[in-house]
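Visitor: Here is my input, please return the structure:
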Amino acid sequence: MRRHRRVKILATLGPASQDRAILAKLFEAGADVFRINMSHASHDAMRERIRTIRGLEAEYGRPIGILVDLQGPKLRVGTFADGPVDLPKGASFVMDSDPAPGDATRVHLPHPEILRALRPGHTVLIDDGKVKLHITEATETRAVAVVDVAGKISNKKGVSLPDTEIATSAMTSKDRADLDAALEEGVDWIAVSFVQRADDVAEVKKIARGRASVLAKIEKPQAITKLEEIVEISDALMVARGDLGVEMPLEKVPGLQKRIIRLCRRYGKPVVVATQMLESMITAPVPTRAEVSDVAQAVFEGADAVMLSAESASGAFPIEAVTTMNRIAEEVERDPLYGSIIAAQRSAPDPTGADTMAFATRTAAENLDLKAVVAWTASGATGLRIARERPAMAVLALTPSVDAARRLALAWGVHPLVTADAKDVDDMARRACRHAFSEGFAAADDRIIVVAGLPFGSPGATNMMRLAYVSTEDAVRA
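Guide: Purely as a prediction, here's the structure:
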């Protein structure tokens with residue numbers, strides 16, 4: 001099950017992909033991490049899917065990552081007494097705290113935190129931006145707006161606030177219950193929706209206490225203004241282009257995608273590009289040329305992972321979607337320009353021991369044209385630092401921790417493998433050679449580079465690298 005690409009594929013599960021046989025085919029087709037969206041999954045459904053994935057993991061003998069995506073606060077208008085209403089351009093419209101059904105002049109906004117935060121001049125988008133208003137008057141119980149983009153609104157349509165920072169948590173009571181259930185099941189990644197500030201991520205990390213890594217979804221303009229703070233505290237980021245494209249001008253999203261990817265690469269944090277990557281494959285067996293270019297662009301930029309949403313969750317061709325994404329990624333990474341583009345975007349190492357060792361490892365491996373980098377890692381941190389360097393050769397991460405291996409399934413270029421920790425330096429080199437051979441990364445008489453931390457089993461202590469030859473004896477014993 002070795003992948004012949006560096007970028008990883010994250011596939012969302014749903015009605016089209018909950019069957020065990022389909023899940024197995026998705027993994028065989030190239031899915032490295034499975035996403036469970038708690039907007040559409042009950043706790044029982046989540047548990048059943050996790051059990052199925054763990055069963056496949058045991059069957060294939062490969063670590064598989066599981067990401068649980070918290071729904072986050074869903075902001076919606078109330079209901080209307082006589083059905084949908086048309087709002088003409090220039091009309092005045094009120095959003096207030098009165099729970100009575102609305103009409104063409106007003107509607108209940110069942111979110112007092114929004115009413116408290118709105119200010120004159122703020123923009124309000126309804127139904128994914130189909131209706132656009134701006135606030136002219138605002139109190140804690142009532143906001144008067146003028147319609148800028150006309151349209152029809154109906155019961156419970158979503159509200160987006162590109163200019164307004166809401167002083168409440170990104171987690172709802174449902175999210176807390178979902179988070180507790182996910183942590184009990186031992187998931188690997190938790191995705192936090194509608195992050196506005198670093199504190200939103202810190203809240204989830206405090207609850208998780210290291211039991212799962214935390215990924216911040218960047219989908220609000222408020223997060224863009226505090227991007228570096230969010231990257232620093234997060235374990236990974238997702239460019240959630242759907243909501244980001246609703247709350248910000250669409251033409252800004254491609255540039256933001258590049259900015260987020262490069263910032264994550266600088267910090268050595270995995271970054272996922274998501275939303276509408278192969279959207280047409282929800283109903284068609286082949287994507288559009290524009291979608292192929294979109295996926296390819298994310299791969300050229302050095303994203304750690306690309307994600308399928310409805311394509312694999314509810315589409316008619318989930319296996320074909322993963323297969324197509326896999327083919328695109330493999331072809332891009334074979335392109336003669338790929339290596340130079342990835343290298344040109346590489347950041348200078350931070351002045352730390354771990355980054356210096358990762359830089360030296362990548363430089364030595366490329367200068368000597370070695371077949372593979374083999375990283376012994378207790379927590380996964382060494383694997384991530386090597387991945388930050390985007391080496392030209394494969395990275396084999398050997399770890400005694402199945403949790404670390406599963407989390408590394410999201411990291412660029414890292415092939416995680418669970419194995420007993422090394423006993424000493426000779427054992428470290430010998431077993432690295434055998435695993436490199438058995439996993440198909442090196443042949444007899446090839447050279448590899450081995451990086452580890454002494455003493456063994458000490459997280460974050462990367463302090464040694466060693467060149468090693470894969471001997472005929474290693475090949476036989478493998």
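
Visitor: Every contact and neighbour count from this point should use C-alpha atoms.
Guide: Fine.

Visitor: got the residue ranges for the helices in the stretch 51-200 of the chain?
Guide: Per DSSP state H, counting those that start in this stretch, the stretch 51-200 of the chain carries helices over the ranges 112-117, 173-184, 198-208.

Visitor: Dump those helices to JSON lines, plus mean neighbour count, distance to residue 40 and mean pLDDT.
Guide: What follows is the helices of the stretch 51-200 of the chain, written out as JSON lines (neighbours: other C-alpha atoms under 10 Å; distance: least, C-alpha to C-alpha, whole Å; pLDDT from 0 to 100):
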{"stretch": "helix 112-117", "mean neighbour count": "17", "distance to residue 40": "25", "mean pLDDT": "93"}
{"stretch": "helix 173-184", "mean neighbour count": "17", "distance to residue 40": "12", "mean pLDDT": "97"}
{"stretch": "helix 198-208", "mean neighbour count": "17", "distance to residue 40": "20", "mean pLDDT": "97"}
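
Visitor: export these to JSON lines and tack on distance to residue 249?
Guide: Shown next, in JSON lines, are the helices of the stretch 51-200 of the chain (distance: least, C-alpha to C-alpha, whole Å):
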{"stretch": "helix 112-117", "distance to residue 249": "22"}
{"stretch": "helix 173-184", "distance to residue 249": "29"}
{"stretch": "helix 198-208", "distance to residue 249": "23"}
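
Visitor: Select, out of these, the one closest to residue 320.
Guide: Closest of the helices of the stretch 51-200 of the chain to residue 320 is helix 173-184, at 28.8 Å (criterion: C-alpha to C-alpha).

Visitor: okay, the angle between that closest one and helix 198-208?
Guide: For helix 173-184 against helix 198-208, the angle by axes from the mean of the first three to the mean of the last three C-alpha atoms, to 10 degrees is 50 degrees.

Visitor: Residue 28 is nearest to which of the helices of the stretch 51-200 of the chain?
Guide: Residue 28 lies closest, by C-alpha to C-alpha, to one member of the helices of the stretch 51-200 of the chain: helix 173-184, at 24.9 Å.

Visitor: For the closest one, give me every contacting residue.
Guide: Under the criterion C-alpha atoms under 8 Å, 6 or more residues apart in numbering, residues 38, 43, 46, 68, 70, 71, 72, 190, 208, 211, 212 lie in contact with helix 173-184.

Visitor: follow-up on the earlier one: out of the helices of the stretch 51-200 of the chain, nearest to residue 62?
Guide: Closest among the helices of the stretch 51-200 of the chain, using C-alpha to C-alpha: helix 173-184, at 21.1 Å.

Visitor: all strands for the stretch 251-400 of the chain, in order.
Guide: 271-274, 305-308, 372-376, 394-399 (DSSP state E, counting those that start in this stretch).

Visitor: my guess is residue 200 contacts residue 166, does it?
Guide: No: using C-alpha atoms under 8 Å, residue 200 makes no contact with residue 166, being 11.5 Å away.

Visitor: A strand includes residue 231, no?
Guide: No: counting by DSSP: H, G, I helix; E, B strand; the rest coil, residue 231 is not found in a strand; it is helix.

Visitor: Can you report how many residues neighbour it?
Guide: Residue 231 has 24 neighbours, counted by other C-alpha atoms under 10 Å.

Visitor: tell me the contacts of it?
Guide: 237, 263, 264, 267, 269.

Visitor: if we can go back for a sec, tell me the most buried of the strands of the stretch 251-400 of the chain?
Guide: strand 372-376 (a mean of 29; mean count of other C-alpha atoms under 10 Å).

Visitor: Phi and psi next, for the residue lying closest to residue 462 once chain neighbours are set aside.
Guide: Take residue 462 and drop its neighbours on the chain: the residue closest to it by C-alpha to C-alpha, 6 or more residues apart in numbering is residue 453, 3.9 Å away. Phi and psi for residue 453, reported as degrees, to the nearest 10, are phi -120, psi 140.

Visitor: Since that was my last question, I'll sign off now.
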